[in-house]
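Enquirer: Fold the following and give me the result.
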Amino acid sequence: MGIGAVAALLAVVLGVEVVLARRGPRLAVPEAGSLDATVVPSGADPDQAPLRVVWLGDSTAAGVGASSPVASLPRQVAALLGRPSEVRVFARSGARVADVRRDQVPRVVALPAEERPDVVLVSVGANDVTHLTPKGRFQAEYLGVLDDLPDGPAVILLGVPDMGAIPRLAQPLRAVVGFRGSNLDQVVRALSRSNGADYVNIADFTGPAFRDDPTRYFAADDYHPSDDGYRLWADTVVPVVQWRLFYVENPDAEKPQPPPEAR
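Expert: This next block holds a predicted model:
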């Protein structure tokens, strides 16, 4: 009876905390297509053919929390690659991995051959954490994303971020969400290794900074990354993209070791 009472109380507390978290401030969602652009970083050769980059996923790829399209994750990554990039964002706020498979991957498949991406980046999982997607279903749907993508592009999977760092979530909800996020992140990492994709360790490489300075790295809703938060993410993503591109574009060269961000 004692254990049952504690479990019931915990369930009530978590339920209340979920309601309070949902009542928090909401940020504007960028319009579809507003992040799309050809980005030529300072010092890059403007005559070089642009790298075609497509982003799939949820609000983190769709720019929620960024103060402008330029500060969004896709555009910050493009600005740091050192070469022209043609960025297209099919990600949508609120998307779960099943939504990526059903709604976003077909848009990649439907692109004409001359517009097919060189790189596809996927940033999804946070909404599967909060909407309690079972681990097995998450794995199956994510595998479907990888299977359904066309052959050819380099595929880079961003791991699930450190959900336990989110200040909008009170304890013990934050700890529970953090644990679930870590479990789904393990799925993303394993799928990347078994399906020829690359993995970006967002949680380990950005989570400590988000926990140490949430005012700086979280946006006004205390949930999504801020401009500086997305810069941390971009600094973690770029070495993996560059390593993958070297691997693809120099097939006869000695293969470098993957960067720490990919482990």
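Enquirer: What ranges does the protein have for its helices?
Expert: 2-22, 59-62, 73-80, 97-99, 105-109, 126-130, 135-148, 173-194, 202-212, 214-217, 227-249 (DSSP state H).
Enquirer: Out of those, which one sits most buried?
Expert: helix 59-62 (a mean of 27; mean count of other C-beta atoms under 10 Å). The C-beta positions use only the backbone N, C-alpha and C, and glycine is treated the same way.
Enquirer: Which one of the helices of the chain has the poorest average confidence?
Expert: The weakest mean pLDDT among those belongs to helix 2-22, with a mean of 42.
Enquirer: picking up where we left off before, same list (the helices of the chain) but as CSV, adding distance to Asp36.
Expert: CSV is the format used below for these (distance: least, C-beta to C-beta, whole Å):
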stretch, distance to Asp36
helix 2-22, 31
helix 59-62, 12
helix 73-80, 9
helix 97-99, 19
helix 105-109, 12
helix 126-130, 22
helix 135-148, 21
helix 173-194, 25
helix 202-212, 23
helix 214-217, 26
helix 227-249, 17
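Enquirer: So which of these is nearest Lys255?
Expert: helix 227-249 (6.3 Å; C-beta to C-beta).
Enquirer: That closest one to helix 202-212, inter-axis angle?
Expert: Relative orientation of helix 227-249 and helix 202-212, computed by axes from the mean of the first three to the mean of the last three C-alpha atoms, to 10 degrees: 160 degrees.
Enquirer: From the chain's centroid, how far away is helix 227-249?
Expert: Distance of helix 227-249 from the chain centroid (C-alpha atoms, centre = their mean, to the nearest Å) equals 12 Å.
Enquirer: same thing with stretch 107-119?
Expert: 20 Å.
Enquirer: Give me the contact list for that stretch.
Expert: Stretch 107-119 is contacted from outside by 51-54, 56, 88, 90, 120, 148-150, 152-156, 241, 244-245, using C-beta atoms under 8 Å, 6 or more residues apart in numbering.
Enquirer: Pro41: which of the helices of the chain is closest?
Expert: Across the helices of the chain, closest to Pro41 is helix 73-80 (C-beta to C-beta), at 5.3 Å.
Enquirer: got a list of contacts for that closest one?
Expert: 35, 37, 39, 41, 53, 55, 60-61, 63, 66, 69-70, 85, 87, 89, 121, 123, 225, 230-231, 233-235, 237-238, 241.
Enquirer: related to what we said a few turns ago, which among the contacts of stretch 107-119 end up buried?
Expert: Listed as buried from the contacts of stretch 107-119 are 51-54, 56, 88, 90, 120, 149, 153-156, 241, 244-245; burial here means 16 or more other C-beta atoms under 10 Å.
Enquirer: what's the pLDDT at Asp198?
Expert: Value for Asp198, per-residue pLDDT: 97.
Enquirer: Quick check: beta-bridge partners of it?
Expert: Ile156 (DSSP bridges).
Enquirer: Contacts only, for it.
Expert: Ala154, Val155, Ile156, Leu157, Ser192, Val240, Trp243, Arg244, Pro258, Ala262.
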